[in-house]
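Participant: Starting from these lines, generate the structure:
(2 chains)
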Amino acid sequence: MVGRAEAFGVAVTGLGLVTPAGIGVKENWDGLTSGVSRAAPDEALRGWPVDFTCRVPGFDPEELLGGFSAWQLERFVQLAIVASRQALDDAGWDPATWDGARVGVVLGNSLGGVQTVERQHRALLDGGPRRVSPLLIPMSMVNMVAGQVAIDIGARGPSQVVATACASGTTAVGTARELLRSGACDVVLAGGSESALTPLAMAGLSRMGALSRRTDDPATASRPFDADRDGFVAAEGAGVLVLERIADARARGAVPRAVVRGYGAATDAHHPTAPDPDGRGIEQALRAALADAGLGPSDVDHVNAHGTSTPLNDVTEGRMLHRVLGDGPLVTSTKGVTGHALAAAGAIEAGFTALAIQHRSVPPTANLARLDPELEIDVVYGAPRSAVIEVAVSTSLGFGGHNAALVLTAD
Amino acid sequence: MNAIEERIAEVLSAQFKVERAAIEPDVTFAALRFDSLVLIELGLILDTEFGVEIDDGELTNEMTISDAAELVAAKGASL
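Facilitator: Modelled structure (predicted):
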């Protein structure tokens, strides 16, 4: 066991991934190790200043969930349900056999059912209030992603949605661990989901200047830590982890993919959207996560960085990582492949971090050709790098100045 | 199925993604798992489809597709 004896570890016994890299754990790992970006022109945004995104390829909700069920669910909920079913299957849990009252759900989301809101706003403008669907509210509320997953799997313990913008998925894992630590739950599905690739949301992100404008070559647009990066590529996706206390997991014969051993969170209290220029919030979150795990900076072998490919994030985060962790860890940003799935990103990347530990391999940062000269960290690019990973960190930063970090270790 | 029932069946299949095989004139909305909110949504769509005005709550989940067709016909549905 890695870390201080009193550090509280929870086993990651199952993983569900529905991302631009693929649908399923194996598909995602293959996609990540290929190092090929999934950004592509988006039909819904044709003719726009930013006309490309990272969508989940081949996601067919009617096929996966049944037509009538899929029709009643917004896409961010559909993605989460599919990821949750995968994660339970991976964990070897059958909802027919568990005590649902002991099962919790904690998921991150930020923009909710913005597709439904846009459609119904048009109905309102065109036809007046009576033309607005009674399903507008239940389909678009952010908490519905947790509520609907709970319905789907029969989870009757505590459930909630956490919203720390792009850190939400990481916050969800940290929050879920507390439900296991307190004894409120025996099993918690923790994760995040987002699908907001709509004209309105994309126009808003674009007007903030957050998105890459590399429209001539979208596949090279998401290039975390590269000297020529110019913004992130918006993505959709969901990631769900099944978490259990280690002793419980062992007692039922489950084989953990990894252990979540530390969590830390902190707030910049600086600016609504710009990160603290010195990365003080994310540094505080990272140091808190390491302390929580009973580990020191020199123990860290691998970092799955937030690495969004925006000019500000990557230089701030990269400098912070070097300041706190030194030259040692192998750093990657899997957003080069997947783009940035906002509130889902932290959960997807916690899953990727667990897979890196398991496979003893750090996937490459797609499109990194020339490391930002301001940075001194060891970023993996070109091809995966083999390494024994005992301790890994996943970092997330969100609009609002929310920062969160997880420490994952080998079982 | 009569012409109105056929049109309702088509709406249920195309817009609500209800499995075609489950759609019979005597099947109730409860059996199709329609709750009160989905029935209001159905009313909105049938309003447009048939040029009628169905009030919220007029369609209930004990009704069959055939009952809904009669309601629409009684309101002077234009086919």
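
Participant: OK, contacts around residue 55?
Facilitator: In the absence of a named chain, chain A is used. Contact analysis of A:Arg55 by C-beta atoms under 8 Å, 6 or more residues apart in numbering or on different chains lists A:Pro20, A:Arg38, A:Ala40, A:Asp42, A:Leu197, A:Ala235, A:Glu236. C-beta here means a position set from N, CA and C on the backbone, and glycine is covered the same way.

Participant: Hmm, no, I was thinking of chain B.
Facilitator: Going by C-beta under 8 Å, 6+ apart, B:Asp55 touches B:Gly43.

Participant: let's go with 6 Å and repeat that
Facilitator: B:Asp55 is in contact with no residue at all, counting by C-beta atoms under 6 Å, 6 or more residues apart in numbering or on different chains.

Participant: Could you say which helix or strand holds it?
Facilitator: Using DSSP states H and E, B:Asp55 sits in no helix or strand.

Participant: My understanding was that A:Asn304 contacts A:Thr353; is that so?
Facilitator: Yes - under the criterion of C-beta atoms under 6 Å, A:Asn304 makes contact with A:Thr353 at 4.5 Å.

Participant: which of those two has more neighbours?
Facilitator: Legend: neighbour count by other C-beta atoms under 10 Å in any protein chain shown for A:Asn304 and A:Thr353, higher for A:Asn304 (30 against 27).

Participant: List the pairing partners of the helix or strand encompassing A:Thr395 within its sheet, with orientation.
Facilitator: Element membership of A:Thr395, judged by DSSP H and E, is strand A:391-398. Using DSSP bridges, the strands paired with strand A:391-398 are strand A:302-304 (parallel), strand A:402-409 (antiparallel).

Participant: so of these, which one's packed in deepest?
Facilitator: Neighbour counts (mean count of other C-beta atoms under 10 Å in any protein chain shown) averaged over each of those peak at strand A:402-409, with a mean of 30.

Participant: how about whichever residue of the stretch 51-200 of chain A sits closest to chain B, phi and psi?
Facilitator: Nearest to chain B in the stretch 51-200 of chain A, going by C-beta to the nearest C-beta, is A:Gly67, at a distance of 2.9 Å. With angles defined as degrees, to the nearest 10, A:Gly67 sits at phi -60, psi -50.

Participant: what about it, neighbour count?
Facilitator: 15.

Participant: Could I get the contacting residues of it?
Facilitator: B:Lys17.

Participant: mind running it again at 7 Å?
Facilitator: B:Lys17, B:Val18, B:Glu19 (C-beta atoms under 7 Å, 6 or more residues apart in numbering or on different chains).

Participant: again with A:Ala356
Facilitator: Shown in contact with A:Ala356 (C-beta under 7 Å, 6+ apart): A:His302, A:Asn304, A:Val362, A:Pro363, A:Ile389, A:Ala392.

Participant: May I see the buried residues of the helix or strand that contains it?
Facilitator: Applying DSSP H and E as the criterion places A:Ala356 in helix A:345-359. Residues of helix A:345-359 classed as buried: A:345-358 (neighbour count, 16 or more other C-beta atoms under 10 Å in any protein chain shown).

Participant: In three-state terms, label the residue of chain B found nearest chain A for me.
Facilitator: In chain B, no residue comes nearer to chain A than B:Lys17, which is 2.9 Å away by C-beta to the nearest C-beta. Reduced to three states with DSSP: H, G, I helix; E, B strand; the rest coil, the structure at B:Lys17 is coil.

Participant: need the contact list for it.
Facilitator: B:Lys17 makes contacts with A:Glu62, A:Gly67, A:Phe68, A:Ala70, A:Trp71, as judged by C-beta under 7 Å, 6+ apart.

Participant: and if you look at A:Val10?
Facilitator: A:Arg177, A:Leu180, A:Leu243, A:Glu244, A:Arg245, A:Ile246, A:Val259, A:Val260.

Participant: Repeat that for B:Gly43.
Facilitator: Counted by C-beta under 7 Å, 6+ apart, B:Gly43 has contacts B:Ile54, B:Asp56, B:Glu58, B:Leu59.

Participant: Can you dump the C-alpha atoms of the strand holding A:Thr395 in PDB for me?
Facilitator: C-alpha atoms of strand A:391-398 as PDB (Å, rounded to 0.1, in the frame of the first residue of the first chain):
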ATOM      1  CA  VAL A 391       1.500   7.600  -7.600                       C
ATOM      2  CA  ALA A 392      -0.300   9.800 -10.100                       C
ATOM      3  CA  VAL A 393      -2.100  13.100  -9.900                       C
ATOM      4  CA  SER A 394      -5.000  14.500 -12.000                       C
ATOM      5  CA  THR A 395      -5.600  18.200 -11.900                       C
ATOM      6  CA  SER A 396      -8.600  20.300 -12.800                       C
ATOM      7  CA  LEU A 397      -9.300  24.000 -13.000                       C
ATOM      8  CA  GLY A 398     -12.700  25.600 -13.600                       C
END
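
Participant: hmm, back to that, okay, the buried residues of helix A:345-359 in TSV with pLDDT and distance to A:Ala87 next?
Facilitator: Output for those, formatted as TSV (pLDDT from 0 to 100; distance: C-beta to C-beta, whole Å):
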residue	pLDDT	distance to A:Ala87
A:Ala345	98	17
A:Gly346	98	15
A:Ala347	98	10
A:Ile348	98	12
A:Glu349	98	15
A:Ala350	98	12
A:Gly351	98	9
A:Phe352	98	14
A:Thr353	98	15
A:Ala354	98	11
A:Leu355	98	13
A:Ala356	98	18
A:Ile357	98	17
A:Gln358	98	15
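
Participant: Throw those residues into CSV and include distance to A:Ala150, thanks.
Facilitator: Formatted as CSV, the buried residues of helix A:345-359 follow (distance: C-beta to C-beta, whole Å):
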residue, distance to A:Ala150
A:Ala345, 23
A:Gly346, 21
A:Ala347, 17
A:Ile348, 21
A:Glu349, 24
A:Ala350, 20
A:Gly351, 20
A:Phe352, 25
A:Thr353, 26
A:Ala354, 23
A:Leu355, 26
A:Ala356, 30
A:Ile357, 29
A:Gln358, 28
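
Participant: give me the number of residues near the nearest residue to A:Asp301 once chain neighbours are set aside?
Facilitator: In this structure, A:Asp301 finds its nearest non-sequential neighbour in A:Ile389, 4.6 Å apart by C-beta to C-beta, 6 or more residues apart in numbering or on different chains. Applying other C-beta under 10 Å, we find 23 residues neighbouring A:Ile389.

Participant: Okay, A:Ile389 and A:Asp226: tell me how far apart.
Facilitator: Look at A:Ile389 and A:Asp226: by C-beta to C-beta, to the nearest Å, they are 24 Å apart.

Participant: can you check A:Gly279 too?
Facilitator: A:Gly279 sits 19 Å away from A:Asp226, taking C-beta to C-beta as the criterion.

Participant: Then A:Trp29?
Facilitator: 23 Å.

Participant: Which phi and psi values does A:Gly237 adopt?
Facilitator: Main-chain torsions, A:Gly237, degrees, to the nearest 10: phi 160, psi 180.

Participant: center of chain A, which residue is that?
Facilitator: A:Ala345 (2.3 Å; C-alpha atoms, centre = their mean).

Participant: Noted, bye for now.
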